[in-house]
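S.K.: structural data only, the sequence is not supplied:
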């Protein structure tokens, strides 16, 4: 039994919960004090380098989430109607399904993301919108061109859900986890107590390298593991260097 049972369906929860959690978690980062001793870029860099105002970022994220909500509700409701009598799997089976879904999502997003960098038309007209945030921050995690949001995130989530065979209830946990991880990867803060930064090599510093000019064609992997980058030669290691004025810098080490 889960806390929403009897109030809303698993399908509605799987649609709404990731959106609500996105704004709660990203809002938490937005409301934190400056934390200059933990920033990967100074506030001056953020103001000078980013090419889009916060208001436009918020509007862009809301548009993407509207599309995601429509697709998610259709997908979850459709599969629920097709398997109305299916019993919720055991916890171990659900864990396996989530791990499978993580690998599928990583695989889909790596190759689509990489192609959007390699194809000049797609990069110029679609993916470059996300890179207007040269200095990432949490609320901008899903700031993309609508087409990219559909191809990368919405389709990626749908494929992960369908192939892994998870139920709508399991999908609530998976999609919420994926959203929180994505927001965290864009938070721009290196926090030593952050569990995502402790247990995932693909974290905010890893993704920050990708947003830097010298790392633009490296570290495509998202949101969970750096497997494909390491297998296909697009992994760029880095040193995390403490700046004299406070904070950290993820400094790329290009391997030849």
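M.R.: Done, it's in. Computed from a predicted structure; not experimentally measured.
S.K.: let me see the ranges of the helices in the stretch 101-250 of the chain.
M.R.: Per DSSP state H, counting those that start in this stretch, the stretch 101-250 of the chain carries helices over the ranges 120-125, 146-148, 155-164, 168-185, 195-199, 204-211, 227-232.
S.K.: got a list of contacts for the shortest one?
M.R.: Taking C-beta atoms under 8 Å, 6 or more residues apart in numbering as the criterion, the residues outside helix 146-148 that touch it are 63, 64, 67, 116, 126, 127, 129, 130. Where C-beta positions appear, they are placed from N, C-alpha and C, glycine not excepted.
S.K.: worst mean pLDDT across the helices and strands of the chain, which element?
M.R.: helix 54-82 (a mean of 86; mean pLDDT, DSSP states H and E).
S.K.: and the helices of the stretch 101-250 of the chain: which comes nearest residue 50?
M.R.: Closest approach to residue 50 among these is made by helix 204-211 (10.3 Å; C-beta to C-beta).
S.K.: thinking again about what came up before, can I get the helices of the stretch 101-250 of the chain in CSV including mean neighbour count and mean pLDDT?
M.R.: Listed next are these as CSV, based on neighbours: other C-beta atoms under 10 Å; pLDDT from 0 to 100:
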stretch, mean neighbour count, mean pLDDT
helix 120-125, 12, 96
helix 146-148, 17, 92
helix 155-164, 20, 94
helix 168-185, 22, 95
helix 195-199, 13, 91
helix 204-211, 23, 96
helix 227-232, 16, 97
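S.K.: select, out of the ones you listed, the one closest to residue 12.
M.R.: Among the helices of the stretch 101-250 of the chain, helix 168-185 comes nearest to residue 12, with 9.1 Å by C-beta to C-beta.
S.K.: next, the angle helix 155-164 makes with the closest one.
M.R.: On the basis of axes from the mean of the first three to the mean of the last three C-alpha atoms, to 10 degrees, helix 168-185 is oriented at 140 degrees to helix 155-164.
S.K.: in this structure residue 204 contacts residue 185, no?
M.R.: Yes - using C-beta atoms under 8 Å, residue 204 is in contact with residue 185, at 5.4 Å.
S.K.: what do the two both touch?
M.R.: Counting by C-beta under 8 Å, 6+ apart, the residues touching both residue 204 and residue 185 are 136, 196.
S.K.: do you know how far residue 31 is from residue 99?
M.R.: Distance of residue 31 to residue 99, given as C-beta to C-beta, to the nearest Å: 33 Å.
S.K.: please apply the same query to residue 7.
M.R.: Using C-beta to C-beta, we find residue 7 at a distance of 29 Å from residue 99.
S.K.: of those two, who's got more company?
M.R.: The neighbour count for residue 7 versus residue 99, taken as other C-beta atoms under 10 Å, is higher for residue 99 (13 against 9).
S.K.: okay if I get the contacts of helix 146-148 as a markdown table plus neighbour count and distance to residue 19?
M.R.: Formatted as a markdown table, the contacts of helix 146-148 follow (neighbours: other C-beta atoms under 10 Å; distance: C-beta to C-beta, whole Å):
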| residue | neighbour count | distance to residue 19 |
| --- | --- | --- |
| 63 | 16 | 12 |
| 64 | 21 | 10 |
| 67 | 15 | 11 |
| 116 | 22 | 24 |
| 126 | 19 | 22 |
| 127 | 21 | 23 |
| 129 | 19 | 20 |
| 130 | 23 | 19 |
